[in-house]
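Enquirer: Coordinates only, no sequence provided:
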């Protein structure tokens, strides 16, 4: 009853007629070199999803001198990644005190778990107002993107200089769009719900102003610009214009929490609903969904930012920004977008694998002969309830605890090696 057979041999996908006979068996997975979907259970081997912005800085949670506890936190996040179908991880976040120490260890940890680490290089230091040293050698060594480290560069001249460098190196810049002066001490969307809860708001212009500036600079310089975790109707309209004008060098992404939840869902002062950008209004959500449907938004990302319990306790006003994204990304997206007919399963896969890989310029996100064998097997008919206590991530900060979703990840294979297999799939594996 096999519908399809994809056979990654030695880390590469090969054509069916080249698969050696010993590979074929009645197992769901064979020795890390064959994936045989069962008829009626697995309808689509979902490509390895690339987390466009997987921010693990809060997974560390401490400033240890030796970095050992930090590495433990990061190790848990790698388990979370592969358990939810991610084969490559783009790590963008704040510089941490032991950043130099953990860089090499991060790579070793991910490789041990059969996950690829992709690390953009800091191009702009907005605090010191200077361009960091980035050269062609670093790009050739595998640096696929540049970033402002999650902090918008407020100096426009400096931002343009960074884009010129990015253009010369032919790598994208990842931009977190936030006018820090406009944001002030805001902690949730600036609307009636903020007033109801007595909390300072963050207006849409905080994001829109920087997004508009960066788009204009990328239009002028020709730099490849990628806007991270977009949340407003304004940015959706900007990206629609970008698409209409054929500006292929400018792309953008949306996160599940931003196209599913609104500030109306914040019934009480609950820090699990605090993220940056904040949850917006129904009008914003509708614009984001329309942008996903018409292709204005090319990518669905996680903006994964797990926190320790103390950081997410008390009031939204004082709690840390961030949400656990990896653990729920695929199931939430499938349930909200495919089950409702907004996207097809192929379109969802494209936005979570192929498009991110194309933006990064890496040879992943597809099942084609000669490409790395990154495959995820998911049962899209399997309904389950999200239970934060079962997260592999150390973070528990999610507003989706108790939600019913479809799309259970059964197994994750990276470079032809089995990185993860859930208990049900393991029963059929010998």
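Expert: Received, thanks. This one's a predicted model, so the numbers in the text were calculated from it and none came from an experiment.
Enquirer: Every contact and neighbour count from this point should use C-alpha atoms.
Expert: Will do.
Enquirer: Can you give me the buried ones in the helix or strand containing residue 159?
Expert: In the assignment (DSSP states H and E), residue 159 maps to helix 156-169. For helix 156-169, a neighbour-count test (16 or more other Cα atoms under 10 Å) marks 158, 159, 160, 161, 162, 163, 164, 165, 166, 167, 169 as buried.
Enquirer: Which strands and helices lie in contact with it?
Expert: strand 124-125, strand 130-131, helix 205-221 (3 or more Cα pairs under 8 Å, 6 or more residues apart in numbering; DSSP states H and E).
Enquirer: among these, which is the most enclosed?
Expert: Comparing the helices and strands packed on helix 156-169 by mean neighbour count (mean count of other Cα atoms under 10 Å), strand 124-125 comes out on top with a mean of 22.
Enquirer: Now render the buried residues of helix 156-169 as JSON lines, adding distance to residue 274 and pLDDT.
Expert: What follows is the buried residues of helix 156-169, written out as JSON lines (distance: Cα to Cα, whole Å; pLDDT from 0 to 100):
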{"residue": "158", "distance to residue 274": "30", "pLDDT": "90"}
{"residue": "159", "distance to residue 274": "28", "pLDDT": "90"}
{"residue": "160", "distance to residue 274": "31", "pLDDT": "93"}
{"residue": "161", "distance to residue 274": "33", "pLDDT": "90"}
{"residue": "162", "distance to residue 274": "31", "pLDDT": "88"}
{"residue": "163", "distance to residue 274": "31", "pLDDT": "92"}
{"residue": "164", "distance to residue 274": "35", "pLDDT": "93"}
{"residue": "165", "distance to residue 274": "34", "pLDDT": "89"}
{"residue": "166", "distance to residue 274": "32", "pLDDT": "90"}
{"residue": "167", "distance to residue 274": "35", "pLDDT": "94"}
{"residue": "169", "distance to residue 274": "36", "pLDDT": "89"}
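Enquirer: and residue 184, how many neighbours?
Expert: Here the number of neighbours of residue 184 (other Cα atoms under 10 Å) works out to 12.
Enquirer: Quick check: residue 143 is in a strand.
Expert: No: secondary structure assignment (DSSP: H, G, I helix; E, B strand; the rest coil) places residue 143 in coil, not in a strand.
Enquirer: Next, find the distance separating it from residue 225.
Expert: 16 Å (Cα to Cα, to the nearest Å).
Enquirer: Comparing these two, which residue is more hemmed in?
Expert: residue 225 (28 against 18).
Enquirer: Contacts only, for that one.
Expert: 172, 173, 174, 175, 214, 215, 218, 249, 250, 251 (Cα atoms under 8 Å, 6 or more residues apart in numbering).
Enquirer: Enumerate every residue touching the first one.
Expert: Translated: residue 172. 144, 145, 146, 166, 223, 224, 225, 226, 359, 360.
Enquirer: again with residue 320
Expert: 271, 274, 275, 307, 311, 312.
Enquirer: Between the residues you listed, which sits nearest residue 421?
Expert: residue 307 (26.0 Å; Cα to Cα).
Enquirer: Kindly confirm my reading that the closest one forms part of a helix.
Expert: No: under three-state DSSP, residue 307 sits outside any helix and is assigned coil.
Enquirer: That one is in contact with residue 398, isn't it?
Expert: No: using Cα atoms under 8 Å, residue 307 is not in contact with residue 398, being 9.9 Å away.
Enquirer: what residues do the two have in common as contacts?
Expert: If you check residue 307 and residue 398 against Cα under 8 Å, 6+ apart, the residues they both contact are 323, 324.
Enquirer: out of the contacts of residue 225, who's nearest residue 150?
Expert: residue 175 (7.2 Å).
Enquirer: Just give the number of residues close to the closest one.
Expert: Residue 175: 23 neighbours (other Cα under 10 Å).
Enquirer: same deal with residue 403?
Expert: 12.
Enquirer: What of residue 190?
Expert: By other Cα under 10 Å, neighbour count at residue 190 equals 20.
Enquirer: how about the nearest residue to it, chain neighbours excluded?
Expert: Using Cα to Cα, 6 or more residues apart in numbering and skipping the chain neighbours, the partner closest in space to residue 190 is residue 201 (3.7 Å).
Enquirer: Identify the bridge partners of the one you found.
Expert: Judged by DSSP bridges, the bridge partners of residue 201 are residue 188.
Enquirer: which ones are touching it?
Expert: 183, 185, 186, 187, 188, 189, 190, 191, 194.
Enquirer: before we move on, back to that, dump the contacts of residue 320 to JSON lines, plus distance to residue 137.
Expert: Below are these laid out as JSON lines (distance: Cα to Cα, whole Å):
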{"residue": "271", "distance to residue 137": "43"}
{"residue": "274", "distance to residue 137": "40"}
{"residue": "275", "distance to residue 137": "36"}
{"residue": "307", "distance to residue 137": "35"}
{"residue": "311", "distance to residue 137": "39"}
{"residue": "312", "distance to residue 137": "41"}
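Enquirer: between those, which is nearest residue 425?
Expert: Looking across the contacts of residue 320 and measuring by Cα to Cα, the closest to residue 425 is residue 307, at 30.5 Å.
Enquirer: Please report how far that closest one lies from residue 313.
Expert: Residue 307 is 10 Å from residue 313, by Cα to Cα.
Enquirer: Let me have the contacts of residue 201 in a markdown table, extended by distance to residue 424.
Expert: Output for the contacts of residue 201, formatted as a markdown table (distance: Cα to Cα, whole Å):
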| residue | distance to residue 424 |
| --- | --- |
| 183 | 47 |
| 185 | 47 |
| 186 | 45 |
| 187 | 42 |
| 188 | 40 |
| 189 | 42 |
| 190 | 45 |
| 191 | 45 |
| 194 | 44 |
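Enquirer: Buried subset of those, written for PyMOL?
Expert: Per 16+ other Cα under 10 Å, the buried members of the contacts of residue 201 correspond to this PyMOL selection:
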select buried, resi 183+186+187+188+189+190+191+194
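Enquirer: Looking at the contacts of residue 201, which two lie furthest apart in space?
Expert: Taking Cα to Cα, no two of these sit farther apart than 185 and 191, at 14.9 Å.
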